[in-house]
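> Fold the following for me, if possible:
(2 chains)
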Amino acid sequence: MSDLGNAQGEPVSWPSNSLSQVPFRVYTDPEQYRREIERIFKGPSWSFLCLEAEIPKPGDWVATTIGETPVVVARDKDGAVHAFVNRCAHRGNLLCLERRGSVKPGAERLTCIYHGWSYGLDGRLLSVAFERGVKGQGGMPPEFRKDEVTLPRLRVALYAGLVFGTMSAEAPEFETYIGPEVGAAIRRVLNRPVRLLGRSTQILPNNWKLYAENTKDSYHASILHTFLTTFRINRLSQPARIFIEESGGHAFSQVKLDYAAEDADYQREQLRADSGFRLQDPSVVDSVDEYGDSVSVQILSLFPSMVLQQIRNTIAVRVIRPRGVDKTELDWLHLGFEGDDQTMTERRLRHGNLVGAAGYISLEDGCVGGFVQRALTGHDDGSGIVMLGGHEAEQEPVRASEAAVRGFWKKYRALVGE
Amino acid sequence: MDEALVRRGVEDLLAAYAECIDEDRLEEWPDFFVEDCRYRITSRADHEAGLPHGVVYAASRGMLSDRITALRQANLFEPHNYRHIIGPIRIKSIKDGVAEVVSHFFAVRIMHDGDTTLFATGRTLDRIAVAQPPYRFIERLVVLDSHKIDTLLVIPL
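Presented below is the predicted three-dimensional model:
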């Protein structure tokens, strides 16, 4: 029964150097998961922390995570953004308990509820309760140097209204990490100040990598997600390109649409009397070419855990948060722009039906990873086949390729090792 | 208007609505709304922050019908059902033939393999046309207590 069951205790092994074979145990092995947290999320990678728009004012803070490490992001009185581990230096208590907040005006400090140690918005220890004791008794010994205590600080990068952080001193500068083409594709979408329209979190019953791969997998799009073909939308769209950055970790795909022709086509379709399905209210896809470049879909993934999505006029940041070897939380930040008028906001809200936990072209992604995870439980020997379009992770002019998925594994193997 | 009469009509509407969904008569679901309706599912956190996004966002009865056509014809997911339990119902006001109603609910999700979990809790903030029967929703705002949704949401709440 060599093809059944878990090879407990043995490290995950790769069948070859080829990127087109992925051992299934990479999704089920707790030790592999622990390695990923250390070598990817705490390693030389950059993770999305929050939007600048979520901490607009001095004193605003957000509590988030990188991997499973709790992190605070805060804006100080001079407007600078800092990030540090959300763990009091004294006894390790969570410093910020809520998801977001703002310090009391004038106080400019975060105080631990347990013993009252307080920190500046840059993570430096400012005060210790009863530091000098009570009536000369007790207190901290003279060798305790308050000014030498700082919460572990992250390197922070602000880019196009997004805040990124890394725990690694070895990570390259953020712009080097993402490369110029991916940077340009981020700035293409986030080309003006954003406005947050809403947030939601989808619990995925699967390993985080199954979703990370899914966002790079253009193969499944028209097969698993049949909404657009069922309603005869997107017939005039053309795959434009898939770009894969050199390390393989970051990628984006673009689809172009002749907006005017689609509009005319849809009018004609409405008049047809055959039995096909029609949207009763097409405003869910009724789009404008807001960037003036005919790109109607751009899905961009930054290794390891962020996706920036433009699907017609719905724009969102998705953050993949590992929560154990077989559980993931997917945070959605739905965006518009400060300059949007009411019509544009309404359009974005209607297009919002396409994405998220209830999204017409995304809800299947919420369950399909769980189906894979269930199939692998107790039967995780062997490897998956990621061979469509060959074995390399080079950029492709066509969609019938899994090159971007192979890119994920190229970057993954460089960081996690064999 | 006779408040007791309106109350009985509202209770009947809410009960029939839940029954329609839970008994999988989803094709009838849009009929609980007026043509020019609003239906949105949001979270308590977004609602309190005044954020307009909806996990589901419909601005016409046609959009509700499209939801059901997509569910039946296009979307792929494991078969499941809900059981809605509706708690307290409070009529906040009745004015110009429109009742403003707040009610509380939870929905249990029963998967095809029998796995049963608490899927959603929350309240519904409704504006209901009550001038004459049949009562219909003008606006239904479902405010989920949690911002987390397990796996997917395809059957309406």
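
> Residue 139 in helix, strand or coil?
As the question left the chain open, I've gone with chain A. Per DSSP: H, G, I helix; E, B strand; the rest coil, the local secondary structure of residue A:139 is coil.

> Number of residues surrounding it?
13 (other C-beta atoms under 10 Å in any protein chain shown). Just so you know, the C-beta spots here come from the backbone N, C-alpha and C atoms, and that holds for glycine as well.

> Same check on residue B:138?
Quick note: residue B:138 (other C-beta under 10 Å) scores 18 neighbours.

> my guess is residue B:40 meets residue B:144, correct?
No: between residue B:40 and residue B:144 no contact is recorded; they are 10.9 Å apart, counting by C-beta atoms under 8 Å.

> shouldn't residue A:82 be in contact with residue A:73?
Yes: counting by C-beta under 8 Å, residue A:82 does reach residue A:73; the two are 7.3 Å apart.

> Tell me which residue in the stretch 101-250 of chain A sits closest to chain B.
Nearest to chain B in the stretch 101-250 of chain A, going by C-beta to the nearest C-beta, is residue A:198, at a distance of 2.4 Å.

> Local confidence estimate at residue 115?
Looking at chain A here, since you left the chain open. Residue A:115 is assigned 95 on the pLDDT scale.

> look at chain B instead
Looking at residue B:115, the pLDDT reads 97.

> rewinding a little: okay, residue B:40 and residue B:144: which has more neighbours?
Per other C-beta under 10 Å, whichever of residue B:40 and residue B:144 has more neighbours is residue B:144, with 25 against 21.

> wait, what's in contact with that one?
B:41-44, B:55, B:120-122, B:157 (C-beta atoms under 8 Å, 6 or more residues apart in numbering or on different chains).

> got a pLDDT number for it?
So residue B:144 comes in at 98 (pLDDT).

> which non-adjacent residue is nearest it?
In space, and not counting its chain neighbours, residue B:144 is closest to residue B:122: 4.2 Å by C-beta to C-beta, 6 or more residues apart in numbering or on different chains.

> How much space separates the one you found from residue B:116?
19 Å (C-beta to C-beta, to the nearest Å).

> Between those two, point out the one with more neighbours.
Counted by other C-beta under 10 Å, residue B:122 and residue B:116 do not tie: residue B:122 has more neighbours, with 22 against 12.

> So what's the residue count around residue 145?
All of this refers to chain A. Residue A:145 has 9 nearby residues by other C-beta under 10 Å.

> Switch to chain B, please.
What residue B:145 shows, counting by other C-beta under 10 Å, is a neighbour count of 14.

> go on, residue B:106?
Neighbours of residue B:106 (other C-beta under 10 Å): 16.

> just residue A:113 next, same as before
Residue A:113 has 12 nearby residues by other C-beta under 10 Å.

> give me every residue that touches it.
Neighbours of residue A:113 in contact, by C-beta under 8 Å, 6+ apart: A:93, A:97.

> Just say helix, strand or coil for it.
coil.

> Now residue 58. Nearest residue, chain neighbours left out?
You didn't pick a chain, so chain A it is. residue A:77 (4.6 Å).

> hmm, I had chain B in mind actually
The nearest residue in space to residue B:58 (C-beta to C-beta, 6+ apart) is residue B:39, at 4.3 Å.

> My guess is residue A:121 contacts residue A:79. True?
No: if you go by C-beta under 8 Å, residue A:121 and residue A:79 don't touch, sitting 10.7 Å apart.

> Which neighbours do the two have in common?
residue A:58.

> How many neighbouring residues does residue B:42 have?
By other C-beta under 10 Å, the burial measure for residue B:42, its neighbour count, is 25.

> Same question for residue B:20.
Residue B:20 has 18 nearby residues by other C-beta under 10 Å.

> before we move on, what about residue B:81?
Residue B:81, neighbours per other C-beta under 10 Å, totals 15.

> related to what we said a few turns ago, show me what the helix or strand harbouring the residue nearest to residue B:58 is packed against.
For residue B:39, the host element (DSSP states H and E) is strand B:33-43. For strand B:33-43, the elements it packs on are strand A:194-204, strand B:56-58, helix B:61-73, strand B:136-144, judged by 3 or more C-beta pairs under 8 Å, 6 or more residues apart in numbering or on different chains; DSSP states H and E.
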